[in-house]
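# okay, here's the prediction I keep looking at, along with the sequence it came from:
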Amino acid sequence: MRVHHTFHDGSGFTKNDDCGKYGGDCFHRVLIFLTCIQKKEFQLRKKQFTISPHSSKGQIMKRNATAVWNGSGKEGNGVVTTQSGFLKNQAYTYASRFENAVGTNPEELVAAAHAGCYAMKLSFILGAAGFTPDSLTVTCTVNLDQGAIIESHLELNAKVPGISAEKFTECADEAKLSCPISKSLTAKITLDAKLV
């Protein structure tokens, strides 16, 4: 006689299938059924929580900075402070932004961020390709026109022992496209990369 058991979740087994192969004893059948359910649940959880080694998902990194501005746009003044404390109440004004007076400005901070980000990203890319740079000197110039940054130009002078010109260009171009600051900018990004 073929015995078939169906449970509330729609799963079932008989004494002739894998989960019921031990047959007649109800207690054994229940134990085997529970074992099968546990195995299936484990497989589902494993599939659900396994992350591909190529996945970009991970913990979100957050950094912040604070600006305080006092007064009107042209006659007022402000300070910026970064989370790390490296910049603390650093002054900026209309004159430091548009007239080359003493103080910082948002555009040079963008340039600093892009230069620093690009240099580090390139170092990682070179390392993955089997090269360790002696030095990567990056100067970033941002162009502000009609109230928008329209271009960010990267100038790279690199000392990388053992690398060919072709491989160097390939790595430099990859870093230009993939560094996080490049990805965040809508401005045109240009690169002049040289081995020295």
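Cool, got the structure. Numbers count the residues shown, from 1 in each chain.

# outside of the strand or helix carrying L177, which residues touch it?
Per DSSP states H and E: L177 is located in helix 165-178. Residues outside helix 165-178 that contact it (Cβ atoms under 8 Å, 6 or more residues apart in numbering): 118, 121-122, 125-126, 129, 131, 154, 156, 158, 160, 163, 182, 189, 191, 193, 195. Heads up, the C-betas are built off the backbone N, CA and C, glycines and all.

# residues in contact with the closest residue to L144 other than its chain neighbours?
Nearest-residue entry for L144: E107, 5.5 Å, with adjacent residues in sequence omitted and distances by Cβ to Cβ, 6 or more residues apart in numbering. Contacts for E107 (Cβ under 8 Å, 6+ apart) come out as R97, V142, L144, I149.

# find me the pLDDT at K47, would you?
K47 is assigned 41 on the pLDDT scale.

# quick revisit: can you tell me the SS state at the residue nearest to L144?
helix (DSSP: H, G, I helix; E, B strand; the rest coil).

# distance check, it against D145.
11 Å (Cβ to Cβ, to the nearest Å).

# ok, S135 next?
Applying Cβ to Cβ to S135 and D145 gives a distance of 32 Å.

# could you do L177 as well?
23 Å.

# what's the spacing between stretch 81-95 and its chain's center?
25 Å (Cα atoms, centre = their mean, to the nearest Å).

# could you pull out the buried residues of it?
The neighbour-count check on stretch 81-95 (16 or more other Cβ atoms under 10 Å) flags T81, Q90, Y92, T93, Y94 as buried.

# what mean pLDDT does that stretch have?
97.

# of all residues in the protein, which one is nearest the centre?
P180 (6.4 Å; Cα atoms, centre = their mean).

# quick one: contacts for that one?
Contacts of P180 (Cβ under 8 Å, 6+ apart): C117, K121.

# could you flag which of the contacts of helix 165-178 are buried?
118, 121-122, 125-126, 131, 154, 156, 158, 160, 163, 182, 189, 191, 193.

# which ones among these map onto helices?
Y118, K121, L122, I125, L126, S182 (DSSP state H).

# check the secondary structure at the closest residue in space to G103 that isn't next to it in sequence for me.
Nearest non-adjacent residue to G103, counting by Cβ to Cβ, 6+ apart: S96, 3.1 Å away. For S96, the secondary-structure state derived from three-state DSSP is helix.

# assess the claim that S96 and N105 are in contact.
Yes. Counting by Cβ atoms under 8 Å, S96 touches N105, with 5.4 Å between them.
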